[in-house]
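[1] predicted structure and sequence below. I'll ask about it afterward.
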Amino acid sequence: MPDPARAVRRSSRSAKDSSALQALARAGYVASGVLHLLLGWLAVRLAVGASAGSADQQGALRELAHAPGGALLLWLTATGFAGLALWQLIEAVAGVPGTDTARQVGARVKAGGKAVLYGVLAGTAVRVATGTSGAGSEEGLTADLMRVPAGRWLVAAVGAVIVGAGVFHVVKGWRRSFRDDLRGTGGGAAGQTVVRLGQVGYVAKGVALGVLGGLFVAAAVTADPDRAGGLDDALRTIREQPFGVALLVATGLGIAAYGVYSFARARYASL
C-alpha cells in the first residue's frame, strides 16, 4: 500500500529541484537584504533623533513604498519572501539536506519556523502594498495573551524563545558558522568581505532580538503588557542605555551589514 507521507516527501524533493523555485528562494534573500538595509537606516535615524516612523519591518516596508516604483518593489519583495517561505516549508516536509538523522527533527522545526516568519513578511509586504496595513500593537496582543490561562507564562515563553534566537544569532556570527549556509564566497578579498559582513550582521541582529525578547520577559514578570513591544521598542530601549546613541548607531550599521550579507547569500546560498 502506498505511503502518503513518503509520496509527499518525494514530491517535495522534486519541487526543490525546480530552477524556478530556487530562483524564487534566492529572490527571497534579496528581499531580506533590502528589508535589513532599510531597518539599519531607520535604526540610525532613530539614534540621531531623525526618525518619523517606526523602526520595524512594517516601517521599513513603508519606506520602500515611498521609493520610486515603490508599489512594484513591494510586490517583488512579497514574491521573494513567499518563495523563501515555500522553500523552507518544503525543507520542513522533505527534510534538510546535509543534516544527520539525529538532528533532522530540530532542523525541520527550524525550517518550519522560518517558513512562518517569511510568510508573515510576505503578508506584511502585501498589506503595505495594498494600503491595508494597520498600526499594530504588540502591547495589545500581549495583553490578550495574558488574559488566557497561564498567559504570563506564555508571554515569558515567547520572550525566552526570542532571546534564544538572539543568542543563536550572536553565536552563529561569532563562530562564523553561517558559512555552512553558503556553497562558497568567491574566495579572496570578496569572500573575506562576505564573511565579515555576516559576522557583524548576525551579532547585531542577535543583540536586537535579545533586547526584544527581554521586553516580553519583563512584561510577563511585571504583568505589565505595556513593557512588551516590537523591534521599534527594542531599538528605543538600546538608545536609552548609557552611550545608547553610539550603541544604536552601531546596531543599525550591523543590521545593514546583515542586509548586504543577504545579497551575497542570494548568490552563494546552498539550495
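    Thanks, I have it.
[2] how is this protein divided into domains?
    As assigned by automatic domain parsing, the chain contains the domains 1-134, 137-271.
[3] let's have those in TSV, adding mean pLDDT and mean neighbour count.
    Where C-beta positions appear, they are placed from N, C-alpha and C, glycine not excepted. Listed next are the domains of the chain as TSV, based on pLDDT from 0 to 100; neighbours: other CB atoms under 10 Å:
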stretch	mean pLDDT	mean neighbour count
domain 1-134	84	17
domain 137-271	88	18
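[4] excluding its backbone neighbours, what's nearest the residue positioned nearest the centre of the chain?
    Nearest to the mean C-alpha position of the chain, by CA atoms, centre = their mean, lies Leu117 at 6.8 Å. Using CB to CB, 6 or more residues apart in numbering and skipping the chain neighbours, the partner closest in space to Leu117 is Ala85 (7.9 Å).
[5] could you do Phe216 as well?
    Take Phe216 and drop its neighbours on the chain: the residue closest to it by CB to CB, 6+ apart is Gly159, 3.0 Å away.
[6] one more: Ala143?
    Closest to Ala143 by CB to CB, 6+ apart is Pro225, at 3.8 Å.
[7] now do the one you found against Arg152, distance only.
    10 Å (CB to CB, to the nearest Å).
[8] overlap in contacts of these two?
    Met146 (CB atoms under 8 Å, 6 or more residues apart in numbering).
[9] what distance do you get for the nearest residue to Ala23 once chain neighbours are set aside to Gly166?
    By the measure of CB to CB, 6+ apart, the closest residue to Ala23 outside its immediate chain neighbours is Gly83, 7.8 Å from it. Per CB to CB, Gly83 is found 26 Å from Gly166.
[10] same thing with Gly53?
    Distance of Gly53 to Gly166, computed by CB to CB: 24 Å.
[11] now swap in Ala92 and tell me
    22 Å.
[12] ok, now which ones touch the residue nearest to Leu117?
    Going by CB under 8 Å, 6+ apart, Ala85 touches 28, 114-119, 122.
[13] where does Ala269 fall, phi/psi-wise?
    phi -60, psi 140 (degrees, to the nearest 10).
[14] quick one, helices of the protein?
    Under the criterion DSSP state H, the chain contains helices at 4-16, 19-47, 57-65, 70-94, 101-130, 138-147, 151-175, 188-222, 231-239, 244-268.
[15] centre of the chain to the fifth one, how far?
    In other words, helix 101-130. Computed by CA atoms, centre = their mean, to the nearest Å, the chain-centroid distance of helix 101-130 equals 9 Å.
[16] helices or strands up against that helix?
    helix 19-47, helix 57-65, helix 70-94 (3 or more CB pairs under 8 Å, 6 or more residues apart in numbering; DSSP states H and E).
[17] ok, now the third one?
    Of the remaining helices and strands, those touching helix 57-65 by 3+ CB pairs under 8 Å, 6+ apart are helix 19-47, helix 70-94, helix 101-130.
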